[in-house]
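[1] here is a sequence together with a model predicted from it:
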Amino acid sequence: MLKIRTKYFIIAIISLMIFVACGRPSDTNSSTNPTPDSSPSAIANATDQSDRSHMSEAKFNINTSLEPELDPIVAKLKVDGLYDKINKARPYRSLDELVSKKVLTQAQFDQVKETLTLDNTLVGEAKDVDYLVKLGLMKGHLLVAKELLDMKRPAEALPHVGHPIEELYVTVADQFPQRGVTDFKETMDEAKDFIKNKPQDPQVMPKFKAGMAAVDKAISALPETQRKTPQFVAQVINGLLDSASAEYGGAISGNKIEEVDYQDSRGFVAYAYMLDQDVQPQLQKDNSKMQAQLKTSLDDLRKTWPTVLPPSKPVFSGDEVAAKVKKIEQITKPLTLASTSSRVSSTTASNTTSIQPGLTKFKGFVTASLTAAKANDLAQAKKEMANATDAWGEVEDNIKANSKDSYRTLESALSDVQTSLVIPPNPEQEKSVKALESLLKTVDTYESKPK
């Protein structure tokens with residue numbers, strides 16, 4: 001089972017925490033923002049503070065969180081198979097459905113409800129990083145499956161075809177309509193079924209390759225220029241390697257190696273290496289020293305997995321692999337900090353301007369979404385709401401600083417749209433229209449209030 005940790009969400013959390021740290025006035029009753037400090041030292045300090053605090057303040061999205069992200073919830077409640085129960089009952093339209101769908105008892109829900117959310121808080125680059133990390137994990141699984149299929153070992157390949165659908169697909173599928181990606185769950189399921197039930201059928205490889213091509217097409221929904229930008233790719237690589245380290249650590253027990261987790265980690269590193277190859281020319285041009293260090297460190301890390309089948313004893317311990325991954329994170333830190341600093345500068349600059357232009361932009365996308373929903377074009381309505389969510393990210397901190405009550409009201413209305421329209425694979429038109437109309441009414445009410 002996938003043991004992905006939450007570190008690759010740090011980029012998203014960092015940006016949100018820095019937005020608050022840099023843009024919120026000390027006196028929340030004042031409508032005047034102080035001049036933001038966007039100096040390098042202030043940015044670094046805000047980043048360090050976010051690193052330390054994100055785990056205590058982050059909430060877990062019950063529609064999209066992966067298994068290990070919910071480990072604190074599982075540990076607190078001590079419910080066997082809790083992740084599988086949560087996953088099978090998705091999507092949720094409200095947190096209370098954890099109880100109504102009999103995933104948790106009311107008493108259990110009351111213990112953890114403050115740490116759960118339905119909000120989709122990732123916007124902009126952070127959302128794109130998260131998207132590619134999750135698809136990259138799918139790709140890593142399939143790279144390993146391909147090696148095993150080529151070796152005529154379909155039974156061992158099967159979990160690596162199944163896990164992308166069972167564990168990862170649901171966490172990104174809601175973004176496919178807005179990114180112009182065709183749903184490919186059926187294609188992946190068909191490949192899995194052939195490998196499971198007809199492993200000797202000559203159609204096994206064509207079906208498998210169709211699944212691989214579908215994942216590649218979903219990845220290509222991100223602009224090629226973005227996928228070849230070192231600052232962007234460094235964040236994705238760190239996310240993939242963190243997952244690989246977690247998988248490998250779970251595979252090693254003394255001198256014994258659990259095969260599936262070992263292979264998972266091999267696949268994740270393989271795809272991270274492929275991404276690095278894409279940016280090596282640009283990185284060589286921008287920073288040849290970093291390029292050389294990164295290449296050397298990745299080559300060293302890859303020695304952990306000499307073959308797709310585990311060696312008789314581990315090449316490196318779990319702690320040694322974790323240290324190698326940490327070293328790569330340190331090497332790429334100037335790239336990831338540069339990306340974070342860019343977001344901070346953009347956000348602090350926007351905090352000195354009026355909220356209204358951004359709010360008008362947000363309202364325009366919501367209006368377009370409502371028009372599409374009324375025409376029963378719910379796919380287009382989802383696309384418009386994706387744009388609206390990005391626009392909301394540009395103004396929410398200013399709104400929150402001006403009036404926490406108004407912010408909570410707007411957030412609640414936006415959350416209703418997310419749970420009615422954006423998250424469900426097949427949303428109901430009537431509920432979607434009602435939620436969108438309520439959101440527009442809430443925006444109108446906010447606009448009419450004196451600022």
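    In hand now; what should we look at?
[2] in whichever strand or helix holds F109, what counts as buried?
    Using DSSP states H and E, F109 falls within helix 106-112. Neighbour counts using 16 or more other CB atoms under 10 Å place Q108, F109, V112 of helix 106-112 among the buried residues. Where C-beta positions appear, they are placed from N, C-alpha and C, glycine not excepted.
[3] looking at those residues, which is nearest D71?
    V112 (12.2 Å; CB to CB).
[4] does the closest one really touch K76, like I thought?
    Yes. Contact criterion CB atoms under 8 Å: V112 and K76 qualify, at 6.1 Å.
[5] which one of the buried residues of helix 106-112 is nearest to L143?
    The closest of the buried residues of helix 106-112, once distances to L143 are taken by CB to CB, is V112, at 35.9 Å.
[6] contacting residues around the helix holding F109?
    Helix 106-112 is touched from outside by I73, K76, L77, V79, L95, D96, L98, V99, L104, with contacts defined as CB atoms under 8 Å, 6 or more residues apart in numbering.
[7] quick one: the strands in the chain, in order.
    Using DSSP state E, the strands found in the chain span residues 60-61, 116-117, 252-253, 256-257.
[8] any idea how far the third one is from the chain center?
    Which is strand 252-253. 28 Å (CA atoms, centre = their mean, to the nearest Å).
[9] what is the mean pLDDT for it?
    Mean pLDDT, strand 252-253: 90.
[10] can you list contacts of that strand?
    Against strand 252-253 from outside (CB under 8 Å, 6+ apart): E258, P314, S317, G318.
[11] count the neighbours of the closest residue in space to the last one that isn't next to it in sequence for me.
    This means G318. Using CB to CB, 6 or more residues apart in numbering and skipping residues adjacent in sequence, the residue nearest G318 is G249, 3.6 Å away. Neighbour count of G249, defined by other CB atoms under 10 Å: 18.
[12] ok, back up a step: average the pLDDT values over the helix holding F109 and round to the nearest integer.
    When pLDDT is averaged along helix 106-112, the result is 89.
[13] go ahead and confirm K59 touches L116.
    Yes. In this structure, K59 is within contact of L116 by CB under 8 Å, at 6.2 Å.
[14] looking at these two, which is more packed in?
    Neighbours per residue (other CB under 10 Å) separate K59 from L116, with L116 holding more: 19 against 13.
[15] show me the contacts for that one.
    By CB under 8 Å, 6+ apart, the contact set of L116 is K59, F60, N61, I62, I73, L95, L98.
[16] swap in 7 Å and give it another go.
    K59, F60, I62, L95 (CB atoms under 7 Å, 6 or more residues apart in numbering).
[17] equivalent analysis for K196, please.
    L158.
[18] what's the answer for A368, then?
    E384.
[19] what about Q263, distance to V144?
    Using CB to CB, to the nearest Å, one obtains 5 Å as the distance from Q263 to V144.
[20] joint contacts of these two?
    H160, V308.
[21] picking up where we left off before, any chance of the strands of the chain in JSON lines, plus distance to D201?
    Listed next are the strands of the chain as JSON lines, based on distance: least, CB to CB, whole Å:
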{"stretch": "strand 60-61", "distance to D201": "39"}
{"stretch": "strand 116-117", "distance to D201": "44"}
{"stretch": "strand 252-253", "distance to D201": "36"}
{"stretch": "strand 256-257", "distance to D201": "31"}
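[22] next, count neighbours for P311.
    P311 - counted by other CB under 10 Å - has 12 other residues nearby.
[23] tell me the one of the buried residues of helix 106-112 nearest D377?
    F109 (35.9 Å).
[24] show me how this structure divides into domains.
    7-24+34-117, 127-346, 354-448 (automatic domain parsing).
[25] just give me the residue closest to the centre of this structure.
    D130 (3.0 Å; CA atoms, centre = their mean).
[26] follow-up on the earlier one: mind checking which of the contacts of strand 252-253 are buried?
    P314, G318.
[27] tell me the two of the contacts of strand 252-253 that are most distant?
    Top of the distance list for those (CB to CB): E258 and S317, 14.3 Å.
[28] circling back to that earlier point, now the contacts of strand 252-253 as a markdown table including distance to D444 and pLDDT?
    Output for these, formatted as a markdown table (distance: CB to CB, whole Å; pLDDT from 0 to 100):
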| residue | distance to D444 | pLDDT |
| --- | --- | --- |
| E258 | 57 | 95 |
| P314 | 62 | 96 |
| S317 | 60 | 94 |
| G318 | 56 | 93 |
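[29] where do the helices sit along the stretch 51-200 of the chain?
    For the stretch 51-200 of the chain, applying DSSP state H, counting those that start in this stretch gives helices covering 71-77, 82-88, 97-100, 106-112, 124-150, 154-163, 169-172, 176-179, 185-197.
[30] let me have these in TSV, extended by distance to K449.
    Shown next, in TSV, are those (distance: least, CB to CB, whole Å):
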stretch	distance to K449
helix 71-77	38
helix 82-88	39
helix 97-100	33
helix 106-112	34
helix 124-150	28
helix 154-163	49
helix 169-172	37
helix 176-179	31
helix 185-197	44
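[31] please identify the most buried of the ones you listed.
    Of all the helices of the stretch 51-200 of the chain, helix 124-150 has the most neighbours on average by mean count of other CB atoms under 10 Å, namely a mean of 23.
[32] what helices or strands is that one leaning on?
    Under the contact definition 3 or more CB pairs under 7 Å, 6 or more residues apart in numbering; DSSP states H and E, helix 124-150 sits against helix 10-23, helix 154-163, helix 169-172, helix 204-219, helix 230-251, helix 259-286.
[33] could you identify which of these is most buried?
    helix 230-251 (a mean of 26).
[34] how much space separates V215 from I237?
    V215 is 18 Å from I237, by CB to CB.
[35] next: I328.
    From I328 over to I237 (counting by CB to CB), the distance is 7 Å.
[36] if we can go back for a sec, tabulate the helices and strands packed on helix 124-150 (a markdown table), appending distance to M138.
    As requested, the helices and strands packed on helix 124-150 are arranged in a markdown table below (distance: least, CB to CB, whole Å):
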| stretch | distance to M138 |
| --- | --- |
| helix 10-23 | 19 |
| helix 154-163 | 8 |
| helix 169-172 | 7 |
| helix 204-219 | 5 |
| helix 230-251 | 11 |
| helix 259-286 | 9 |
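[37] looking at the domains of the chain, which one has the lowest mean pLDDT?
    domain 7-24+34-117 (a mean of 64).
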